[in-house]
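Novice: here's my sequence, what's the structure:
(4 chains)
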2 protein chains.
Amino acid sequence: MSTALSAIERFSRYQSDDAQSVAPVHCPVRDVLDRIGDKWSMLMIMTLATRPKRFSELHRAVRDISKRMLTQTLRDLERDGLITRHVFPTKPPSVEYRLAPLGQSLLEPMANLIDWADRRYSDIHAARARFDAASSDVPP
Amino acid sequence: MSTALSAIERFSRYQSDDAQSVAPVHCPVRDVLDRIGDKWSMLMIMTLATRPKRFSELHRAVRDISKRMLTQTLRDLERDGLITRHVFPTKPPSVEYRLAPLGQSLLEPMANLIDWADRRYSDIHAARARFDAASSDVPP
DNA sequence: GAGAGCAGGTCTAATATATAGACCTTGGTG
DNA sequence: CACCAAGGTCTATATATTAGACCTGCTCTC
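Specialist: This next block holds a predicted model:
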């Protein structure tokens, strides 16, 4: 446990108050978190985990993303080397997205998070319900 | 490895095409990811990992968040039972935020992610540079 | 005892990001 | 000819985020 947590220790060093002097927002953690911690990136990685998929398959799998954001998210992931894009000269052309090795390597850490989400889901919901009940009770 | 990945398998079942019929956006994973996968939540959790902190300490630690978003992020995390809020009747009153047990339990999975970020940072940057070079070469 | 300062916020207006949904292209089909 | 792919792009609108002024009590300095 404390092995993994040392990563957070290391991180917090980037965050110390006196880091004002250094470049304002450039710890690697922030940088990476800003990428994969956006609204859709993790979801895309996970959706591509089992097998490569085409643009419209991805759109069907995550039905509430707009095409524009889908395109943009995929471009950004490609730019960062997490996925690759392959165009097949069929008519009409089809485009396949697949995890690059770098993206593959993200799968395991991400799976731990998913696992946590799955197991703690009910706790979170309970807490949420409790909080809402409490705040709708007191106010008047 | 495949142990953790089974979580992703499980997830992808929620995503299957024919899930159109079921509630549109309600797999637990989406739900949790939408919470902790926003712009600031993970950062807050990590910043609170080492010890409890007060409002203004948090603001100093993450200097590019606005007060408004700081307040809102903290409320949301409190609502979901990840952190707790303690008001001390000093003058002026001070407010301390600390990880709740649920938040603590998130630390380990998150640490794996941080660790990944730290180790793969340079790969990501290299990929980014390569991509940008390629796309500024071809266009004309 | 007037003025400044601090902690933890809230409020408003401006800016940045995301969304829905129309449209484009290049063939093939009925 | 009209229409349907697939993989996008474009535009107008809705939503999120920001900066920064302001508020409330109380205390400290002069």
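Novice: give me the residue at the spatial middle of chain A.
Specialist: A:M42 (2.7 Å; C-alpha atoms, centre = their mean).
Novice: and that one, what does it touch?
Specialist: A:36, A:110, B:33, B:37 (C-beta atoms under 8 Å, 6 or more residues apart in numbering or on different chains). Every C-beta, even on glycine, is put in place using the N, C-alpha and C of the backbone.
Novice: again with A:H86
Specialist: Taking C-beta under 8 Å, 6+ apart as the test, what A:H86 contacts is A:52, A:95-98.
Novice: try 7 Å
Specialist: Contact analysis of A:H86 by C-beta atoms under 7 Å, 6 or more residues apart in numbering or on different chains lists A:95-96.
Novice: helix/strand/coil for it?
Specialist: Of the three states, A:H86 takes strand according to DSSP: H, G, I helix; E, B strand; the rest coil.
Novice: could you do the one 5 residues further on as well?
Specialist: When the structure is split into helix, strand and coil by three-state DSSP, A:K91 lands in coil.
Novice: right, is the one helix or strand the residue nearest to the centre of chain A maps to up against DNA strand D?
Specialist: Applying DSSP states H and E as the criterion places A:M42 in helix A:41-47. No. Figure legend: helix A:41-47 not in contact with DNA strand D (C-beta under 7 Å from any atom of the strand); closest approach 12.7 Å.
Novice: could you point out which element follows that helix?
Specialist: Using DSSP H and E, the helix or strand that follows helix A:41-47 in sequence is strand A:53-54.
Novice: and the next helix or strand past that next one?
Specialist: By DSSP H and E, the next helix or strand past strand A:53-54 is helix A:55-61.
Novice: ok, back up a step: measure the residue nearest to the centre of chain A to A:A111 for me?
Specialist: 11 Å (C-beta to C-beta, to the nearest Å).
Novice: likewise for A:L82?
Specialist: Distance from A:L82 to A:A111, by C-beta to C-beta: 15 Å.
Novice: the closest residue in space to A:I8 that isn't next to it in sequence: neighbour count?
Specialist: Spatial nearest neighbour of A:I8, chain neighbours left out: B:A49 (4.7 Å); criterion: C-beta to C-beta, 6 or more residues apart in numbering or on different chains. Neighbourhood size, B:A49 [other C-beta atoms under 10 Å in any protein chain shown]: 21.
Novice: the helix or strand hosting A:L106 near chain B anywhere?
Specialist: Using DSSP H and E, A:L106 maps to helix A:101-137. Yes. Residues of helix A:101-137 contacting chain B under C-beta under 7 Å from any C-beta of the partner chain: A:102, A:105-109, A:111-118, A:120-121, A:123-124, A:127-128, A:131.
Novice: narrow those residues to those that are buried.
Specialist: A:102, A:105-109, A:111-118, A:120, A:123-124, A:127-128, A:131 (16 or more other C-beta atoms under 10 Å in any protein chain shown).
Novice: give me the subset of those residues touching DNA strand C.
Specialist: Filtered for proximity to DNA strand C (C-beta under 7 Å from any atom of the strand), those leave an empty set.
Novice: many thanks, have a good one.
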